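Q: attaching a predicted model along with its sequence, questions to come.
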Amino acid sequence: MEAKGYMDAGKLVPDQLVIGLIKEKLDGLKGGFLLDGFPRNLEQAKMLDTITEVNMAVELDVDEDMIVDRIVKRRSCRQCGEVYHLDAKPPRTPDVCDKCGGELYQRSDDSEETVRNRLKVYHEKTQPLIDLYGERGILITIDGRGSIDDVYRRMVDAIRGFKK
Ligand SMILES: [Zn+2]
(Lines give C-alpha, C1' and ligand atoms only; values in the text may rest on other atoms or scores of the structure.)
Protein backbone atom coordinates (compact mmCIF):
# COMPACT_ATOMS: atom_id res chain seq x y z
CA MET A 1 0.00 0.00 0.00
CA GLU A 2 2.92 2.29 0.75
CA ALA A 3 4.41 1.56 -2.70
CA LYS A 4 1.04 2.17 -4.37
CA GLY A 5 0.97 5.65 -2.85
CA TYR A 6 4.15 6.53 -4.72
CA MET A 7 3.01 4.94 -7.97
CA ASP A 8 -0.41 6.66 -7.91
CA ALA A 9 1.40 9.96 -7.47
CA GLY A 10 3.55 9.14 -10.53
CA LYS A 11 6.69 8.91 -8.40
CA LEU A 12 9.39 6.27 -8.29
CA VAL A 13 9.08 3.85 -5.40
CA PRO A 14 12.14 4.36 -3.14
CA ASP A 15 14.82 1.63 -3.40
CA GLN A 16 14.58 0.81 0.30
CA LEU A 17 10.87 0.09 0.02
CA VAL A 18 11.30 -2.04 -3.12
CA ILE A 19 14.05 -4.13 -1.57
CA GLY A 20 11.86 -4.64 1.53
CA LEU A 21 9.06 -5.98 -0.68
CA ILE A 22 11.44 -8.31 -2.53
CA LYS A 23 12.91 -9.62 0.72
CA GLU A 24 9.42 -10.37 2.00
CA LYS A 25 8.70 -12.45 -1.14
CA LEU A 26 12.04 -14.29 -1.16
CA ASP A 27 11.85 -15.25 2.50
CA GLY A 28 8.91 -17.55 1.81
CA LEU A 29 10.37 -19.12 -1.35
CA LYS A 30 11.93 -22.54 -1.83
CA GLY A 31 14.20 -23.15 -4.84
CA GLY A 32 15.09 -20.58 -7.46
CA PHE A 33 13.53 -17.35 -8.58
CA LEU A 34 13.87 -14.81 -11.36
CA LEU A 35 13.56 -11.05 -10.96
CA ASP A 36 12.36 -9.24 -14.09
CA GLY A 37 13.53 -5.64 -14.39
CA PHE A 38 15.31 -5.52 -11.05
CA PRO A 39 17.89 -4.30 -10.08
CA ARG A 40 17.88 -1.22 -12.32
CA ASN A 41 20.87 0.59 -10.82
CA LEU A 42 24.04 -0.04 -8.81
CA GLU A 43 22.44 1.01 -5.51
CA GLN A 44 19.70 -1.57 -5.96
CA ALA A 45 22.25 -4.21 -6.94
CA LYS A 46 24.19 -3.57 -3.73
CA MET A 47 21.04 -3.84 -1.64
CA LEU A 48 20.06 -7.04 -3.44
CA ASP A 49 23.46 -8.52 -2.49
CA THR A 50 22.59 -8.00 1.19
CA ILE A 51 19.44 -10.14 1.03
CA THR A 52 20.30 -12.90 -1.46
CA GLU A 53 22.99 -14.38 -3.70
CA VAL A 54 22.71 -13.49 -7.38
CA ASN A 55 23.78 -16.52 -9.46
CA MET A 56 23.04 -15.28 -12.93
CA ALA A 57 22.16 -12.08 -14.79
CA VAL A 58 20.49 -12.18 -18.20
CA GLU A 59 20.87 -9.36 -20.70
CA LEU A 60 18.52 -9.26 -23.67
CA ASP A 61 20.36 -7.59 -26.53
CA VAL A 62 18.08 -5.72 -28.96
CA ASP A 63 18.83 -2.60 -31.01
CA GLU A 64 17.05 0.57 -29.99
CA ASP A 65 14.76 1.01 -33.00
CA MET A 66 13.47 -2.51 -32.45
CA ILE A 67 12.82 -1.74 -28.79
CA VAL A 68 10.85 1.35 -29.78
CA ASP A 69 8.85 -0.64 -32.35
CA ARG A 70 8.03 -3.35 -29.84
CA ILE A 71 6.86 -0.96 -27.17
CA VAL A 72 4.94 1.47 -29.36
CA LYS A 73 3.02 -1.44 -30.95
CA ARG A 74 2.39 -3.17 -27.64
CA ARG A 75 -1.21 -3.62 -26.49
CA SER A 76 -2.38 -5.06 -23.18
CA CYS A 77 -5.68 -6.57 -22.07
CA ARG A 78 -7.52 -4.56 -19.44
CA GLN A 79 -9.06 -7.68 -17.93
CA CYS A 80 -6.42 -10.42 -17.90
CA GLY A 81 -3.20 -8.52 -18.63
CA GLU A 82 -2.29 -10.59 -21.72
CA VAL A 83 0.20 -8.72 -23.90
CA TYR A 84 0.00 -8.39 -27.71
CA HIS A 85 2.08 -6.80 -30.47
CA LEU A 86 0.34 -5.37 -33.54
CA ASP A 87 2.76 -7.16 -35.96
CA ALA A 88 4.41 -10.01 -34.06
CA LYS A 89 1.43 -11.20 -32.01
CA PRO A 90 -1.74 -9.49 -33.21
CA PRO A 91 -5.11 -10.30 -31.65
CA ARG A 92 -7.53 -12.23 -33.92
CA THR A 93 -10.02 -9.36 -33.67
CA PRO A 94 -8.59 -5.83 -33.47
CA ASP A 95 -8.61 -4.39 -29.93
CA VAL A 96 -10.12 -7.57 -28.44
CA CYS A 97 -8.25 -10.07 -26.25
CA ASP A 98 -8.10 -13.63 -27.71
CA LYS A 99 -8.09 -15.15 -24.26
CA CYS A 100 -10.88 -13.39 -22.40
CA GLY A 101 -12.60 -10.99 -24.85
CA GLY A 102 -11.39 -8.02 -22.81
CA GLU A 103 -10.58 -4.64 -24.32
CA LEU A 104 -7.01 -4.05 -25.47
CA TYR A 105 -5.36 -0.74 -24.67
CA GLN A 106 -2.05 1.04 -25.05
CA ARG A 107 -0.33 1.97 -21.81
CA SER A 108 -0.02 5.74 -21.54
CA ASP A 109 3.76 5.43 -21.04
CA ASP A 110 4.23 3.29 -24.20
CA SER A 111 4.89 6.26 -26.51
CA GLU A 112 8.08 6.72 -28.57
CA GLU A 113 9.10 9.78 -26.56
CA THR A 114 8.74 7.98 -23.24
CA VAL A 115 10.60 4.96 -24.58
CA ARG A 116 13.53 7.08 -25.81
CA ASN A 117 13.66 8.69 -22.37
CA ARG A 118 13.61 5.32 -20.66
CA LEU A 119 16.48 4.21 -22.91
CA LYS A 120 18.50 7.24 -21.84
CA VAL A 121 17.91 6.35 -18.18
CA TYR A 122 18.82 2.75 -19.02
CA HIS A 123 22.22 3.78 -20.44
CA GLU A 124 23.02 5.97 -17.45
CA LYS A 125 21.73 3.84 -14.60
CA THR A 126 21.20 0.26 -15.69
CA GLN A 127 24.01 -0.38 -18.16
CA PRO A 128 26.70 -0.24 -15.41
CA LEU A 129 25.14 -3.49 -14.13
CA ILE A 130 26.32 -5.20 -17.33
CA ASP A 131 29.92 -4.50 -16.25
CA LEU A 132 29.25 -5.43 -12.63
CA TYR A 133 27.77 -8.85 -13.39
CA GLY A 134 30.17 -9.35 -16.29
CA GLU A 135 33.15 -8.97 -13.97
CA ARG A 136 31.57 -11.48 -11.60
CA GLY A 137 31.33 -13.94 -14.48
CA ILE A 138 27.59 -14.42 -14.10
CA LEU A 139 26.32 -12.44 -17.10
CA ILE A 140 24.58 -14.13 -20.03
CA THR A 141 23.84 -12.03 -23.10
CA ILE A 142 21.03 -13.30 -25.30
CA ASP A 143 20.22 -12.16 -28.83
CA GLY A 144 16.78 -10.61 -28.40
CA ARG A 145 15.95 -10.36 -32.13
CA GLY A 146 13.34 -12.55 -33.76
CA SER A 147 9.99 -13.91 -32.66
CA ILE A 148 8.78 -14.27 -29.09
CA ASP A 149 9.23 -18.06 -29.38
CA ASP A 150 12.79 -17.74 -30.75
CA VAL A 151 13.90 -15.48 -27.92
CA TYR A 152 12.11 -17.59 -25.31
CA ARG A 153 13.84 -20.74 -26.57
CA ARG A 154 17.27 -19.05 -26.55
CA MET A 155 16.67 -17.82 -23.03
CA VAL A 156 15.60 -21.20 -21.66
CA ASP A 157 18.59 -22.92 -23.34
CA ALA A 158 21.04 -20.35 -21.98
CA ILE A 159 19.69 -20.60 -18.43
CA ARG A 160 19.69 -24.42 -18.53
CA GLY A 161 23.24 -24.48 -19.90
CA PHE A 162 24.62 -21.99 -17.42
CA LYS A 163 26.95 -23.34 -14.75
CA LYS A 164 28.50 -20.93 -12.32
ZN1 LIG B 1 -7.67 -10.77 -21.74
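A: That came through fine.
Q: how close does the residue nearest the centre of the chain sit to residue 101?
A: Geometric centre of the chain, nearest residue: residue 37, 3.8 Å, by C-alpha atoms, centre = their mean. Noted for residue 37: a distance of 29 Å to residue 101, by C-beta to C-beta, to the nearest Å. For glycine as for every other residue, the C-beta is placed from the backbone atoms N, C-alpha and C.
Q: one step back: check the secondary structure at the residue nearest to the centre of the chain for me.
A: Following DSSP: H, G, I helix; E, B strand; the rest coil, residue 37 is assigned to coil.
Q: where does it fall, phi/psi-wise?
A: phi 80, psi 20 (degrees, to the nearest 10).
Q: contacts only, for the residue located most distally from the centre of the chain.
A: Here the chain reaches farthest from its C-alpha mean at residue 93, the gap being 27.1 Å by C-alpha atoms, centre = their mean. By C-beta atoms under 8 Å, 6 or more residues apart in numbering, the contact list for residue 93 is empty.
Q: any idea how far it lies from the ion?
A: Remark: distance between residue 93 and the ion (C-beta to the ion, to the nearest Å) = 12 Å.
Q: give me the neighbour count for residue 10.
A: Using other C-beta atoms under 10 Å, residue 10 is surrounded by 7 other residues.
Q: for it, phi and psi?
A: Per-residue torsions, residue 10: phi 70, psi 20 (degrees, to the nearest 10).
Q: per-residue confidence for residue 164?
A: On the pLDDT scale, residue 164 is placed at 58.
Q: and residue 150, by the same measure?
A: Reported pLDDT at residue 150 in the predicted model: 93.
Q: tally of neighbours for it?
A: 12.
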